[in-house]
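Asks: Return a 3D structure for these sequence lines:
(one chain, ligands or ions: 1)
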Amino acid sequence: MILQELNGKKCKTYLVACEVTNKALLIDPLQDYMDRYLALLAYKGMELDATLDTHTHADHLTGTATLANLTGCRVIMEQHAPSPTVTQHVEEGEFVEIGKIKLKVIYTPGHTPDSISLYTKGYVFTGDVLLINGTGRTDFPGGDAGDQYDSITGKLYALPEHTIVLPGHDYRGNTRSTIGDEKRNNPRIGNRSREEYIDLMENLKFPLPDKIQEVLQPNQSAIDDEIAKFPELAQLNTINQLYCEQVKSEIENNHQLFLLDVRELREFRGELGHIAGSILIPLKDLVSRAEELEIHKDKHIICICRAGVRSTTAAAILTGLGFDDVSNLRGGMLDWNGRGFPIQR
Ligand SMILES: [Fe+2]
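Replies: Model prediction:
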């Protein structure tokens, strides 16, 4: 196995490649470093088989979609990842195969709900869940300190002690650590109980990154448009979130209802299907097609997507355009399918 970190800065991108087949995987590639990655792959005579984001990033634009457009490689993420550009969703226990290399997917939510770690032969890529002598922040949308504690202490600490930890970030110049080192020395986890860890994380009070929404929302929606004006975090937080059961009851009882699905056509007709009667307007077209919705302004509009993230953005956009009765299907079609509620394809 060929393994190399490519950025040489706080934000890490790893190349994992199979020496037998020359197939390569890029983990957490940055949009800004695209040329570097493509040049390196060409220089080494490798074929980019797949790109993978360990989670939806809030601090940099992901390069996965552009790399896929240019090379036709797979885009792999955990099943809760909101981005419509993902071509292969994975979950706990599955393997990502790159030539002869197999990386085991460990579902490690906490930093985000779509965080995974990857384990292969003595190495674990931990994304932003477990860092060297630290842990990822849990105060971004969807973050959960309790989940993070369980992911680290229950799953990552269960790996062999000599396993080398390869995190998504390192802010302090650390270069090498193992699961055993982290168990003994990690100052965030230490001997804390779950409750003590949650308390610690809630009181860290880091400032949010300057451009969090400008980065997070393109990564969630795959809208690469400099003109696009995304809603602010505060606006997203005001959106009325409805559980699947509440939406089902609205469908059965409220005849002044408009179900707006904001995914891509491929997803609308895909594996998760769509709710009968829902109308498709992909998020990227929502502003330009908002006029079509004017006649439904008096209705209760429920926005729907895969995981409930893009549709929250859609609901905030519509609210900003003067629609006053807009809600979001929390957990999206993933949860809807999980409840066994009816779908169409
Ligand atoms: Fe992150």
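Asks: Find the residue at the geometric middle of the protein.
Replies: residue 56 (3.0 Å; Cα atoms, centre = their mean).
Asks: and the gap between it and residue 64?
Replies: Per Cβ to Cβ, to the nearest Å, residue 56 is found 11 Å from residue 64. For the C-beta atoms, the positions are set from N, CA and C on the backbone; glycine is no exception.
Asks: Also residue 81?
Replies: Distance from residue 81 to residue 64, counting by Cβ to Cβ: 10 Å.
Asks: Mind listing the shared neighbours of the two?
Replies: When contacts are counted by Cβ atoms under 8 Å, 6 or more residues apart in numbering, residue 81 and residue 64 are jointly contacted by residue 53.
Asks: So which of these two has more stuff around it?
Replies: residue 64 (30 against 26; other Cβ atoms under 10 Å).
Asks: was I right about that one contacting residue 50?
Replies: No - in this structure, residue 64 is not within contact of residue 50 by Cβ atoms under 8 Å, at 9.2 Å.
Asks: Return the set of buried residues in stretch 295-305.
Replies: Going by neighbour count (16 or more other Cβ atoms under 10 Å), the buried part of stretch 295-305 is 296, 299, 300, 301, 302, 303, 304, 305.
Asks: now, which of those sits nearest residue 343?
Replies: Here the nearest of those to residue 343, counting by Cβ to Cβ, is residue 304; it sits at 11.1 Å.
Asks: how much space between that closest one and residue 281?
Replies: Distance from residue 304 to residue 281, by Cβ to Cβ: 11 Å.
Asks: Repeat that for residue 178.
Replies: 49 Å.
Asks: Next, count neighbours for the nearest residue to residue 290 once chain neighbours are set aside.
Replies: Nearest non-adjacent residue to residue 290, counting by Cβ to Cβ, 6 or more residues apart in numbering: residue 321, 5.5 Å away. Burial of residue 321 is recorded as 15 neighbouring residues (other Cβ under 10 Å).
Asks: Need the phi and psi values for the nearest residue to residue 202 once chain neighbours are set aside.
Replies: Take residue 202 and drop its neighbours on the chain: the residue closest to it by Cβ to Cβ, 6+ apart is residue 145, 6.6 Å away. Torsion angles at residue 145 (phi, psi; degrees, to the nearest 10) stand at phi -60, psi -40.
Asks: Next one, pLDDT for residue 145 please.
Replies: pLDDT, residue 145: 97.
Asks: Tell me how many other residues surround it.
Replies: Neighbourhood size, residue 145 [other Cβ under 10 Å]: 22.
Asks: I figured it hits residue 201, correct?
Replies: Yes - using Cβ under 8 Å, residue 145 is in contact with residue 201, at 3.8 Å.
Asks: Between these two, which contacts overlap?
Replies: residue 138.
Asks: Provide a list of residues in contact with residue 73.
Replies: If you count contacts by Cβ under 8 Å, 6+ apart, residue 73 has them with 48, 49, 50, 51, 67.
Asks: Where does pLDDT dip in the stretch 101-250 of the chain?
Replies: 224-228 (pLDDT under 70).
Asks: mind redoing it with 90?
Replies: The stretch 101-250 of the chain contains residues with pLDDT under 90 at 121, 139-142, 171-176, 204-237.
Asks: how about the helices in it?
Replies: For the stretch 101-250 of the chain, the helices defined by DSSP state H, counting those that start in this stretch cover 145-150, 179-185, 194-202, 212-221, 233-237, 244-253.
Asks: possible to save those helices as a markdown table with distance to residue 39?
Replies: Shown next, in a markdown table, are the helices of the stretch 101-250 of the chain (distance: least, Cβ to Cβ, whole Å):
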| stretch | distance to residue 39 |
| --- | --- |
| helix 145-150 | 36 |
| helix 179-185 | 34 |
| helix 194-202 | 39 |
| helix 212-221 | 24 |
| helix 233-237 | 36 |
| helix 244-253 | 47 |
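Asks: Ok, which of those comes nearest residue 263?
Replies: helix 212-221 (10.2 Å).
Asks: Output the closest one as CSV - backbone C-alpha positions only.
Replies: Provided in CSV are the C-alpha atoms of helix 212-221 (Å, rounded to 0.1, in the frame of the first residue of the first chain):
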residue,chain,number,x,y,z
ILE,A,212,-18.6,28.6,7.6
GLN,A,213,-21.8,29.0,5.6
GLU,A,214,-20.0,29.9,2.4
VAL,A,215,-18.1,26.6,2.6
LEU,A,216,-20.6,24.3,4.3
GLN,A,217,-23.5,24.9,2.0
PRO,A,218,-21.7,24.4,-1.3
ASN,A,219,-20.3,21.2,0.2
GLN,A,220,-23.7,20.1,1.2
SER,A,221,-25.5,21.0,-2.0
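Asks: Identify each buried residue in it, please.
Replies: 212, 213, 215, 216, 217, 218, 219, 220, 221.
Asks: Mind giving me the packing neighbours of that helix?
Replies: helix 310-320 (3 or more Cβ pairs under 8 Å, 6 or more residues apart in numbering; DSSP states H and E).
Asks: before we move on, the earlier item: give me the common contacts of residue 64 and residue 50.
Replies: Overlap of the contact sets of residue 64 and residue 50 (by Cβ under 8 Å, 6+ apart) consists of 26, 75.
Asks: May I ask you to confirm that residue 77 belongs to a strand?
Replies: Yes - under DSSP: H, G, I helix; E, B strand; the rest coil, residue 77 sits within a strand.
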